[in-house]
Structures are given as structure tokens and as C-alpha cells.
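>>> structure of the sequence below:
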Amino acid sequence: DGSGREWRSGGWGYLLDDVGSSFYLGRQALVAVTRACDGRRPRTRLTEAVIRALGVADPNELMRWVYHPTLNRSGIASLAPVVAELAEADDEAREIIRTGCEELAHLVATVAGRLELGDAPRVVFVGGLVESSRLVWEELERRVRCRVPGARIARALAPPVVGAALLAFEQAGIGMDAEALASQVRAGGNTE
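You can find the predicted model right below:
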């Protein structure tokens with residue numbers, strides 16, 4: 001908040017609690033595919049899309065792919081755009097997006113409440129998926145507004161790495177004009 005108080009909600013990592021993240025969405029896609037293959041869930045377009053995205057021959061190879069010792073978590077996270085792309089036409093994909101956005105909105109509401117941010121806290125959505133998918137942005141915005149009705153939702157002025165650099169400069173005692181730096185980055189200008 002404006003006085004320097006901080007509160008974190010979520011972001012505990014992919015094993016403990018990283019709801020709404022790309023890894024979460026990708027993992028939920030894999031769960032939906034395996035359950036659809038078992039007949040426990042309805043058929044889903046995610047099955048073919050996930051198989052194609054991962055380059056496996058059929059759903060039976062998913063278990064070997066997921067539990068392979070060299071699995072890179074980013075492989076699972078890379079399925080998030082597949083989920084977002086199919087969400088307009090596939091009920092399972094749409095439900096994964098809804099659930100992820102609801103979880104993220106809950107995180108926002110928790111922080112706003114803990115820090116007593118008032119009726120109109122500023123909420124900035126950051127991340128490749130929320131920035132590239134209209135459906136994800138709209139779903140997240142709708143769910144945040146349900147939980148924090150006065151929220152002022154905005155796009156980030158610059159990529160998160162710029163914020164990290166500004167914090168590093170601040171900790172080093174170097175003054176930096178955040179607006180000017182963000183403007184330069186957006187314009188693709190030289191920030192040296």
C-alpha cells in the first residue's frame with residue numbers, strides 16, 4: 001500500500017498453491033484430458049489439442065510424458081494458451097479458465113482486504129496469457145469486479161522486469177523516473 005505495508009496471497013509455487021498460473025491451467029488441461037479419456041468427464045477438444053501441442057501419439061503417452069525425469073514444468077505451462085484458445089468453443093476449457101480466474105480474483109480480494117485498500121484499489125493485470133487473450137482478460141476482470149466492486153483495473157505500464165529494475169535502483173539509492181522508463185520501454189527506445 002502507500003505506506004509500504006505488503007501482503008502476498010498465492011504464488012507459493014506449483015506444488016503448493018499457484019492457482020490461476022499458466023502451470024495451473026496446463027495441469028488442469030491434462031486432468032480434463034485424462035478424465036475425458038477415462039469417460040469420467042465429457043469429451044473435450046482439449047484432448048486433440050494437448051496431444052498435438054505435446055507431440056505425443058495418443059493420450060496413453062501423457063503419463064510417460066508427465067512423469068519423465070526430465071520434465072520441464074514449462075512444458076505443462078505451455079498448454080495454457082491452448083486452453084485459452086479453445087475456451088470459446090469447449091466447455092472443459094472454458095471451465096478451466098473460469099476457475100483459474102476465480103482463484104486469481106480471490107487472491108486480489110484477499111490482498112485488498114488484508115491491506116485495507118479501500119473501495120477503489122488499483123489492480124494491474126500482468127502476464128502473457130492475460131495480455132494476449134481477450135477472453136482471459138474479460139473473465140478475470142469480471143471476477144475481480146464481483147469480489148472487489150470498486151477495483152480500478154489497468155494494464156501494466158511496462159513489463160515486470162522494468163519494475164524489478166526500478167526496485168533494484170531504489171534499493172541501491174539511485175533515483176529513477178518510473179514513468180519515463182516505462183514510456184521508453186513501451187516505445188522500444190534505448191533506456192541507457
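>>> residue boundaries of the strands in this protein?
Taking DSSP state E as the test, the strands found in the chain are 122-125, 152-155.
>>> just say which of these is most tucked in.
Ranked by mean neighbour count, those are led by strand 122-125 with a mean of 15 (mean count of other CB atoms under 10 Å). C-beta here means a position set from N, CA and C on the backbone, and glycine is covered the same way.
>>> output the strands of the chain as a markdown table; include the columns mean pLDDT and distance to residue 98.
Compiled in a markdown table, those are given as follows (pLDDT from 0 to 100; distance: least, CB to CB, whole Å):
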| stretch | mean pLDDT | distance to residue 98 |
| --- | --- | --- |
| strand 122-125 | 93 | 16 |
| strand 152-155 | 92 | 18 |
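>>> let me have these in JSON lines, extended by distance to residue 109.
Formatted as JSON lines, these follow (distance: least, CB to CB, whole Å):
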{"stretch": "strand 122-125", "distance to residue 109": "10"}
{"stretch": "strand 152-155", "distance to residue 109": "13"}
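>>> between those, which one is nearest to residue 83?
strand 122-125 (17.2 Å; CB to CB).
>>> so what does that closest one touch, helix or strand wise?
Packing partners of strand 122-125 (3 or more CB pairs under 8 Å, 6 or more residues apart in numbering; DSSP states H and E): helix 134-147, strand 152-155.
>>> weakest of those in terms of mean pLDDT?
With a mean of 92, strand 152-155 has the lowest mean pLDDT of the helices and strands packed on strand 122-125.
>>> name the residues that touch that strand?
Contacts with strand 152-155, where a contact means CB atoms under 8 Å, 6 or more residues apart in numbering, come from 120, 121, 122, 123, 124, 125, 131, 141, 144, 145.
>>> just the C-alphas of stretch 145-160, formatted as PDB.
The C-alpha coordinates for stretch 145-160 follow below in PDB (Å, rounded to 0.1, in the frame of the first residue of the first chain):
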ATOM      1  CA  ARG A 145     -15.100  -6.700 -10.100                       C
ATOM      2  CA  CYS A 146     -17.500  -9.200  -8.400                       C
ATOM      3  CA  ARG A 147     -15.200  -9.600  -5.400                       C
ATOM      4  CA  VAL A 148     -13.800  -6.100  -5.300                       C
ATOM      5  CA  PRO A 149     -16.500  -4.000  -7.000                       C
ATOM      6  CA  GLY A 150     -14.700  -0.600  -7.000                       C
ATOM      7  CA  ALA A 151     -11.400  -2.000  -8.400                       C
ATOM      8  CA  ARG A 152      -9.600   0.200 -10.900                       C
ATOM      9  CA  ILE A 153      -8.300  -2.400 -13.300                       C
ATOM     10  CA  ALA A 154      -5.400  -1.300 -15.600                       C
ATOM     11  CA  ARG A 155      -2.800  -2.700 -17.900                       C
ATOM     12  CA  ALA A 156       0.900  -2.600 -16.700                       C
ATOM     13  CA  LEU A 157       2.900   0.400 -17.800                       C
ATOM     14  CA  ALA A 158       5.800  -1.800 -18.600                       C
ATOM     15  CA  PRO A 159       6.900  -5.500 -18.400                       C
ATOM     16  CA  PRO A 160       7.500  -6.800 -14.800                       C
END
